[in-house]
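here's a sequence, model it:
(chains A and B)
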Amino acid sequence: MTLIMNEFIQSGEKISMLRGLSDALIKLAKKHKNLVVLHADFGTKLGLKNFSLAFPDRCFNFGLSEENVVSAAVGFSVRGKIPFVVGFGNFAGKAWEQIRNSVCYPNLNIKFVATNAGIFAGEDGAGYQVTEDISVMRTLPNMKIASPADYFETMSVVEQAFDSFGPTYVRLASREVPVIFDENYKFEFGKSSVLKKGSDICVFSHGSVLVNVVSAAEILVESGISASVVSMASIKPIDVESVLNFAKNSKKCFVVEDHNLNGGLFSAIADVLVTNQPVLLKGIGLNDRFGES
Amino acid sequence: MTIEDLQKKAAQIRVEALTAISRAGSGHSGSAMSCVEILVSLYYAEIGGKPIAKFDPKNSQWEEQDYVILSKGQAVPTQYAILADLGFFDKSEMDYLRRVNSLLQGYPNIKVPGICVPVTSHGCGLSIATGLAMALKTDRVPNKVFAILGDGELQEGQVWEAAMAAAHYKLDNLIAFIDNDDLQMDGPVRSVMDVMPIQDKFEAFGWRVLHVWHGHDFDEILDAIAKAFTTNRHPVCIWCHTVKGKGIEFAEGKPYYHDVPLSEAELAEVKKKLAPVIAGNLKIFND
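As a prediction, the model looks like this:
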């Protein structure tokens, strides 16, 4: 566990996670010739323009064909490439069977990055808000899942995804979010980060709402409640030791996420607690429903 | 190999694949038979003194190999029989087809030496082949990719996403065979969901289409492959008319045999019929 100081939140600086993705991919591609990026006609919107200008022969646009781009990544992987399949919104759900059968089953080294995470994705409404992706990816054997909370965490997640063999799913918010971490932060799969230590309750969270959870914890201090805030950017594998430790030392545990509670981090933590350390757990998120514009 | 040798090899592969399916107690006998000559051509035949597909049974990760992707993955016992015959793995593995913890699972799996890509779902093989052909182009190496698709599989929308991409990226290192046996699980393809006109569709997508009227005739298949090798800047579709259950006299053209094993008596009948062909005393596929 790492104790992170959140002084950046005070500064109010906001940077897009998509810029973090692009910066990390360019940094990695300079060192690793086998990194390729495949996408389905959202290169510009996804912040891939700089990557495609820097590495035109390693960035492939497949047009609006999400199933095809996922399966094509399998072909690239056969030749030792490490493909990042970057897609808009629910593309991974659309190609779920291809990911299951052709990527996770043979345990191929392919990375998926999806945007529009959660109901804060925008005014297009429920159809373009990605609120069940963790649920459908969590159930796939061999799949790792990360949900970073800001620019720097996105950078580190993408770098770790590259370095860590196997299928990986990364979900990103599209809006600009306040910076929480700094350039020295290192994300690790299977490890949580403690943003705030408290003695009464514990709040587990991930993604772009993490910053709101930190703010809420500050407000709770005024009410005399001391809350721990734990960033669970690594949703799978989950940091079992940390979850159990906080459950043991907190009167109540909460999960706050911009995702359906059904199958999201709430379910992942419930899975850990119910078999190890039963504790009262409350989820704040989408309760088996869709979002609105 | 001479044409006669290829015919003998095809009969041998038929018997070995059907035997394995029957022993497993499940599998796609009819579907595995329609693509035998296509696969035997790729693995055993030569054009201009050079093998059609380059491979090394002792090194299935060989950088210079060509890739054979069986998109109609249900026919994989035929590919397994060929790979075992070539020495990629021991022939005894065929006895454990479709068993728990066995090497040879029901659909193509990359744990099997010689199987380079995982194909499980209908319709994804051409996309995988497209990505692989693009990766080879990126590396500027001459390896080729051969994909074998069923005709029912052409009902999958993803096939046409891949067809579009392969033409867009001018993948002349990609050759896709259509094993057009006219039948699928529920009956004739044209009744279930017509996929015709295959030639017009692929041509409209930017492919060169070569027509093999008799998909069990080695001369025709090899002639088409030779022409495909001379094609530049376009992927090639070799459209082969085939027969479901080819080589099993009582099962030919019958949808029932698409996905069932032969009984012991049926298998014995097939073995009896094909034994003289394997021995080189009889040619049966002169169509």
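
so who does A:F62 touch?
A:F62 makes contact with A:38-41, A:68-69, A:72, B:161, B:165, according to Cβ atoms under 8 Å, 6 or more residues apart in numbering or on different chains. All C-beta spots, glycine's among them, are computed from the backbone N, C-alpha and C.

if we go to 6 Å?
A:40, A:68-69, B:165 (Cβ atoms under 6 Å, 6 or more residues apart in numbering or on different chains).

out of those, who's the most crowded?
The most crowded member of the contacts of A:F62, judged by other Cβ atoms under 10 Å in any protein chain shown, is A:N68 (32 neighbours).

which one is it nearest to, not counting chain neighbours?
Excluding the flanking residues, the one nearest A:N68 by Cβ to Cβ, 6 or more residues apart in numbering or on different chains is B:E161, at 3.6 Å.

inside helices: which ones of the contacts of A:F62?
Taking DSSP state H, the ones among the contacts of A:F62 that sit in helices are A:68-69, B:165.

residues in contact with stretch A:66-80?
A:34, A:36, A:38, A:40, A:62, A:83, A:85, A:91, A:94-95, A:98-99, A:102, A:108, A:110, B:116-117, B:124, B:127-128, B:130-132, B:135, B:158, B:161-162, B:165.

quick one: buried residues of that stretch?
A:66-79 (16 or more other Cβ atoms under 10 Å in any protein chain shown).

make a markdown table from the residues you listed and add pLDDT, distance to A:I238 and secondary structure to it.
Listed next are these as a markdown table, based on pLDDT from 0 to 100; distance: Cβ to Cβ, whole Å; DSSP: H, G, I helix; E, B strand; the rest coil:
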| residue | pLDDT | distance to A:I238 | secondary structure |
| --- | --- | --- | --- |
| A:E66 | 94 | 27 | helix |
| A:E67 | 95 | 29 | helix |
| A:N68 | 97 | 32 | helix |
| A:V69 | 97 | 29 | helix |
| A:V70 | 97 | 25 | helix |
| A:S71 | 97 | 29 | helix |
| A:A72 | 98 | 31 | helix |
| A:A73 | 98 | 26 | helix |
| A:V74 | 98 | 27 | helix |
| A:G75 | 98 | 32 | helix |
| A:F76 | 98 | 30 | helix |
| A:S77 | 97 | 26 | helix |
| A:V78 | 96 | 31 | helix |
| A:R79 | 96 | 33 | coil |
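
out of those, which is nearest to A:D258?
Nearest to A:D258 among the buried residues of stretch A:66-80, counting by Cβ to Cβ, is A:E66 at 22.1 Å.

for the closest one, which non-adjacent residue is spatially closest?
A:F91 (4.2 Å).

what score does the one you found have for pLDDT?
With respect to pLDDT, A:F91 scores 85.

now the contacts of A:F62 as TSV including distance to B:A265?
Output for the contacts of A:F62, formatted as TSV (distance: Cβ to Cβ, whole Å):
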residue	distance to B:A265
A:A40	52
A:N68	45
A:V69	48
B:A165	47
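
residues in contact with B:P188?
Contacts of B:P188 by Cβ under 6 Å, 6+ apart are B:D182.

oh, that last question was meant for B:A167, not what I typed.
By Cβ under 6 Å, 6+ apart, the contact set of B:A167 is B:205-207.

can you rerun that using 8 Å?
By Cβ under 8 Å, 6+ apart, the contact list for B:A167 reads B:205-207, B:234-235.

ditto for B:Q12
Applying Cβ under 8 Å, 6+ apart, the residues near B:Q12 are B:85, B:278.

kindly recompute the last result at 6 Å.
B:I278.

B:M134: which element?
helix B:125-138 (DSSP states H and E).

with just CA atoms, put that helix into PDB.
Provided in PDB are the C-alpha atoms of helix B:125-138 (Å, rounded to 0.1, in the frame of the first residue of the first chain):
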ATOM      1  CA  GLY B 125     -11.100 -16.400 -38.500                       C
ATOM      2  CA  LEU B 126     -10.900 -14.000 -41.400                       C
ATOM      3  CA  SER B 127     -10.500 -11.000 -39.100                       C
ATOM      4  CA  ILE B 128      -7.600 -12.800 -37.300                       C
ATOM      5  CA  ALA B 129      -6.100 -13.700 -40.700                       C
ATOM      6  CA  THR B 130      -6.400 -10.000 -41.700                       C
ATOM      7  CA  GLY B 131      -4.600  -8.800 -38.600                       C
ATOM      8  CA  LEU B 132      -1.900 -11.400 -39.100                       C
ATOM      9  CA  ALA B 133      -1.400 -10.500 -42.700                       C
ATOM     10  CA  MET B 134      -1.200  -6.800 -41.700                       C
ATOM     11  CA  ALA B 135       1.400  -7.600 -39.100                       C
ATOM     12  CA  LEU B 136       3.500  -9.500 -41.700                       C
ATOM     13  CA  LYS B 137       3.200  -6.500 -44.100                       C
ATOM     14  CA  THR B 138       4.300  -4.200 -41.200                       C
END
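
relative to helix A:66-78, how tilted is that helix?
50 degrees (axes from the mean of the first three to the mean of the last three Cα atoms, to 10 degrees).
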